[in-house]
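Q: Turn this into a model:
(one chain, ligands or ions: 2)
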Amino acid sequence: MERLSCEGGSWYVLDLPIDLLGQQAVAYSWSPPAAPALSSESSLFVNEEGFCVLVCDVDVAQTCGILCTLLLNEWRGKMSQEVKMISVDEALEYVMKHFEPLEPEEVEILDALDRVLAEDVYSDTDIPPFDNSAMDGYAVRAADTVGASHKAPITLRVIANLAAGYTTVLVVEAGTAIRIMTGAPLPAGADAVVRFEETSEGLPADERTDRRILDWEQGAWIEVFKQVIVGENVRRAGEDIHKGELVLAEGTILRPQEIGVLASLGRARVRVIRRPRVAILATGDELIGVDEPLAPGKIRNSNEYSNAALVQRYGGIPVRLGIARDDVEELTAKIREGLAERVDLFLTSAGVSVGDYDVVKDVLGAEGEMHFWQVRMKPGKPLAFGEIQGVPLLGLPGNPVSAMVSFEQFARPAILKMLGKTRLRKPTVEAILEEDVESSGRRSFKRAVITKRDGEYYASVTGPQGSGVLTSMVKANGLAIIPEGIRHLKAGERVTVQMLDWPENVACTEPVEVNEAPLVIPIISVVGKSEVGKTTLLEKLVAELKQRGYRVAAVKHDIHGFEIDRPGKDSWRLAQAGSDSIVIASPKRLALIKRLDREMALSEIAALLTDVDIILTEGYKRGDAPKIEVSRRERGRELLCTPDELVALVSDQLFDLDVPQFGLDDTTRIVDWLEGKFLSGGGQAPAG
Ligand code: AMP
Ligand code: MG
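A: Ligands and ions are numbered 1, 2, ... in the order given. Got it, this is the predicted structure:
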């Protein structure tokens, strides 16, 4: 605060950043005072540098704070038509810039559910740790069962009974077997398990000819009806996870299955991104608590509860501050109370609409640096955003539906980003409108019931759409978005619908990031010697990725050249005539045939494939995309790639290499790993 000595006495000038006053102040043609006007009344000015100048008498210096508030209010009243009107996307982009993933913390694995892993988890053991039986049956030597059938059973002497959790020093010698339960370690000498159903133990009691297994000392016998091969019904040590393998990559969202894997690795605690603490403050003289009786003019404070529930749903920790009356002191005290709780985000509801004289705006303005916006959306037009003592604050509108819709659009992605998540967009579907809808021209979020019939989604609006009609949200499972500028849509037209209850981490059909680095589509090359099963592996990977909702492009490298258009076809004739590119387009498929005078690099090909989540190639050994090599025992042990070129190995033999290794049929795990490394991590492929 600066003291000015002017004719007529001493005056204080408060220089306040213009941000306090809303965005339009600079543009507002308010003539700057050459010198502060020395009137008996205190006054407020905006100068050319965008500073607000408050002039007041020395005697009222101590009440400056209050005076400032009052004056700002008056000024804003005059300016009310000038509050900045911005689009949902502009507001979101601005808001999201203020959030980053929070720091990691170590928690017990059950507390890590749905959170983002903040470390790479390697296995220090094989899982399973030992060869064990996959079935209840008899551990045998496969060679002993050659030719066994119902007509020609083979009789083996049973030397022990082995339950899961126990070991035996006995060895299965030729002609013997050990009765074994699922999960019990495969005894020495045995190399396969015959299921009970394929032995005389599986026969009805009256058909059994073997001696009942009651007394091991006296000897027991079993008849085997089926030949087994080495390894049959045996789970090999390390079959699930190899010692030293990267099992869960940093950035993975921990679902119940990942929690289970952590437990199986002996990890009781794990590092995950901390959960954001979110303060929730309801404001308004009309509000009473849920447990208070209604009184004239009063309504219950529902926003605190819907907001807290949303915070909880999206993984934040609600810090409930209750109700603040529309009173400067009470509001200021509540805001300070919230800040003392060390919150990462502050949410208020109500008191931010334009044109009214709510004290909320004034107090927020006085306590921090705030923008008061009108967002071109319906419901949810008024919105405030800024920072109070470094804590981002979102001032949500008061109307219960507006508060929820604004929360979904702005607070939800902020919370998810703080949690380290990268899929920030609400999952959406394209749906066909079941009735005509009217809209205001602002982006409208119509509460709708979405149903799926015959492979199509349909959207039906849930009755009255007033921003206070909370039951319109109760009935809805989606928000149908009527784009900006559209005032009328007819039944049968298509709209994008945000699905209210679908979790963000399901793969969705839209590009996912909000305000992230430009999307780089990961390219992964599957390489290997001929006949090792590259195409077979790719087929399985493509099918599994599609199953999980990703859009996949496959690029096949063909050194020998190929033809796809037959002589005489129109496309062939157009190629013969010299076209550089020919596109054959039908409603369902499209083919591009491009004449090349040199081989296109993988990156150039990728540039043509912009509408996919991942590109898998077969071949391109020399390209610089990350490589997965396929190897097969019968084609030898040498690898095509050097260890540093590889990101993973898929093989029926183990190599002493420091990269994840998978079996030839490990499709699910390979795709889990691809997802963790290349897809959920923001779609960004690592270098090399
Ligand atoms: P305002 O933004 O203060 O103009 O409030 C808009 C509307 O929302 C008014 O009808 C308020 O009564 C209502 N409202 C404000 N806060 C809450 C709340 N916490 N719970 C339910 N309704 C509210
Ligand atoms: Mg109010």
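
Q: which SS state does Leu331 fall under?
A: State at Leu331, reduced to three classes by DSSP: H, G, I helix; E, B strand; the rest coil: helix.

Q: Report pLDDT for it.
A: pLDDT for Leu331: 95.

Q: How about the contacts made by it?
A: Thr283, Ala324, Arg325, Val359, Val360, Val363 (Cβ atoms under 8 Å, 6 or more residues apart in numbering). The C-beta positions use only the backbone N, C-alpha and C, and glycine is treated the same way.

Q: Now, of these, which are buried?
A: Thr283, Ala324, Val359, Val360, Val363 (16 or more other Cβ atoms under 10 Å).

Q: Tell me where the model's unsure across the stretch 51-200 of the chain.
A: 51-82 (pLDDT under 70).

Q: change it to 50
A: 51-53, 55-68, 70, 78-81 (pLDDT under 50).

Q: Can you show me the helices along it?
A: Shown for the stretch 51-200 of the chain, the helices assigned by DSSP state H, counting those that start in this stretch span residues 64-79, 88-96.

Q: buried ones in the shortest one?
A: In this case it means helix 88-96. Buried, per 16+ other Cβ under 10 Å, within helix 88-96: Val88, Ala91, Leu92, Val95, Met96.

Q: ok, and the closest non-adjacent residue to the residue in the chain positioned nearest to ligand 1?
A: Closest to ligand 1 within the chain is Gly398: 2.5 Å, counting by Cβ to the nearest ligand atom. In space, and not counting its chain neighbours, Gly398 is closest to Ala350: 2.8 Å by Cβ to Cβ, 6 or more residues apart in numbering.

Q: If I look at the one you found, what pLDDT would I see?
A: Looking at Ala350, its pLDDT is 95.

Q: got the contact list for it?
A: Ala350 touches Ala282, Thr283, Gly284, Asn303, Asp358, Val360, Leu396, Pro397, Gly398, Ala403, counting by Cβ under 8 Å, 6+ apart.

Q: export stretch 99-116 as CSV, just CAs?
A: Coordinates of each C-alpha in stretch 99-116 appear next as CSV, following Å, rounded to 0.1, in the frame of the first residue of the first chain:
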residue,chain,number,x,y,z
PHE,A,99,-2.5,-29.1,-12.3
GLU,A,100,0.3,-31.7,-12.4
PRO,A,101,0.5,-35.2,-11.0
LEU,A,102,1.2,-35.2,-7.3
GLU,A,103,4.1,-36.8,-5.6
PRO,A,104,4.3,-40.5,-4.8
GLU,A,105,3.7,-42.1,-1.5
GLU,A,106,4.1,-45.6,-0.2
VAL,A,107,0.9,-47.3,0.8
GLU,A,108,-0.4,-50.8,1.6
ILE,A,109,-1.4,-52.5,-1.6
LEU,A,110,-5.1,-52.5,-0.9
ASP,A,111,-5.0,-48.7,-0.5
ALA,A,112,-3.4,-48.6,-4.0
LEU,A,113,-6.5,-49.8,-5.8
ASP,A,114,-7.3,-47.6,-8.8
ARG,A,115,-4.2,-45.5,-8.3
VAL,A,116,-1.2,-45.0,-10.5
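
Q: Next, the buried residues of it.
A: For stretch 99-116, burial by neighbour count (16+ other Cβ under 10 Å) applies to Phe99, Pro101, Leu102, Pro104, Val107, Ile109, Ala112, Asp114, Arg115, Val116.

Q: Now the nearest residue to the third one once chain neighbours are set aside: phi and psi?
A: So the one you mean is Leu102. Nearest residue to Leu102, sequence neighbours excluded (Cβ to Cβ, 6+ apart): Arg274, at 4.5 Å. Reported as degrees, to the nearest 10, the phi and psi values for Arg274 are phi -60, psi 150.

Q: Give me the three-state assignment for Pro413.
A: Under three-state DSSP, Pro413 comes out as helix.

Q: my read: it touches Leu424, true?
A: Yes. Counting by Cβ atoms under 8 Å, Pro413 does reach Leu424; the two are 4.2 Å apart.

Q: and those two? which has more neighbours close in?
A: Counted by other Cβ atoms under 10 Å, Pro413 and Leu424 do not tie: Pro413 has more neighbours, with 24 against 20.

Q: show me the contacts for the more buried one.
A: Leu92, Met96, Leu424, Arg425, Val514.

Q: Which pair of the residues you listed spans the longest distance?
A: Met96 and Arg425 (11.5 Å; Cβ to Cβ).

Q: picking that back up, if I look at the residue nearest to Leu102, how far off is Asp111?
A: 11 Å (Cβ to Cβ, to the nearest Å).

Q: before we move on, what about Thr182?
A: Distance from Thr182 to Asp111, by Cβ to Cβ: 32 Å.

Q: ditto for Ala282
A: 29 Å.

Q: so where's the stretch 551-688 of the chain shaky on pLDDT?
A: For the stretch 551-688 of the chain, the stretches flagged by pLDDT under 50 are 681-688.

Q: which residues in it form strands?
A: Applying DSSP state E, counting those that start in this stretch to the stretch 551-688 of the chain gives strands spanning 552-556, 581-585, 590-594, 614-618, 627-631, 646-651, 661-662.

Q: Residue numbers of the stretch 201-350 of the chain in contact with ligand 2?
A: Counting by Cβ under 5 Å from the ion, the residues of the stretch 201-350 of the chain close to ligand 2 are Gly284, Ala350.

Q: List, one by one, the residues from the stretch 201-350 of the chain near ligand 1.
A: For the stretch 201-350 of the chain, the residues in contact with ligand 1 (Cβ under 6 Å from any ligand atom) are Ala282, Gly284, Glu286, Leu287, Ile299, Asn301, Ser302, Asn303, Glu304, Ser349, Ala350.

Q: how about those residues, which pair is most distant?
A: Glu286 and Glu304 (13.6 Å).

Q: More neighbours: which of the two?
A: Glu304 (23 against 15).

Q: can you state the direction angle for the lengthiest strand in the chain and helix 88-96?
A: Looking across the chain with DSSP state E, the single longest strand is strand 443-453. Relative orientation of strand 443-453 versus helix 88-96 (axes from the mean of the first three to the mean of the last three Cα atoms, to 10 degrees): 100 degrees.

Q: Pull out the buried positions in stretch 149-166.
A: Going by 16+ other Cβ under 10 Å, stretch 149-166 has these buried residues: Pro153, Ile154, Leu156, Val158, Ile159, Ala160, Leu162.

Q: Could you do stretch 581-593 as well?
A: Neighbour-count burial for stretch 581-593 [16+ other Cβ under 10 Å]: Ile582, Ile593.

Q: Near ligand 1, which residues of the chain are found?
A: Close to ligand 1, as judged by Cβ under 6 Å from any ligand atom, the chain has residues 282, 284, 286-287, 299, 301-304, 349-351, 353, 358, 397-400.

Q: Please pick the buried ones from those residues.
A: Buried, going by 16+ other Cβ under 10 Å: 282, 284, 287, 301-304, 349-351, 353, 358, 397-400, out of the residues of the chain next to ligand 1.

Q: Need the worst-confidence member of these.
A: Asp358 (69).

Q: Please flag which of the residues of the stretch 201-350 of the chain next to ligand 1 sit within helices.
A: Judged by DSSP state H, these include Asn303, Glu304 as members of helices.

Q: Pick the one among the residues of the stretch 201-350 of the chain next to ligand 1 closest to Lys334.
A: Ala282 (9.6 Å).

Q: wait, the closest one sits on Gly351?
A: No. Counting by Cβ under 8 Å, Ala282 stays clear of Gly351, with 9.8 Å between them.

Q: What about Arg622, how many residues nearby?
A: Counted with other Cβ under 10 Å, Arg622 comes out at 11.

Q: Which phi and psi values does it adopt?
A: phi -90, psi -10.

Q: now do Val474
A: According to degrees, to the nearest 10, Val474 has phi -60, psi -40.

Q: What separation do you get for it and Gly578?
A: The spacing between Val474 and Gly578, counted by Cβ to Cβ, is 64 Å.

Q: Same check on Val391?
A: The value you get for Val391 to Gly578, if Cβ to Cβ is used, is 65 Å.
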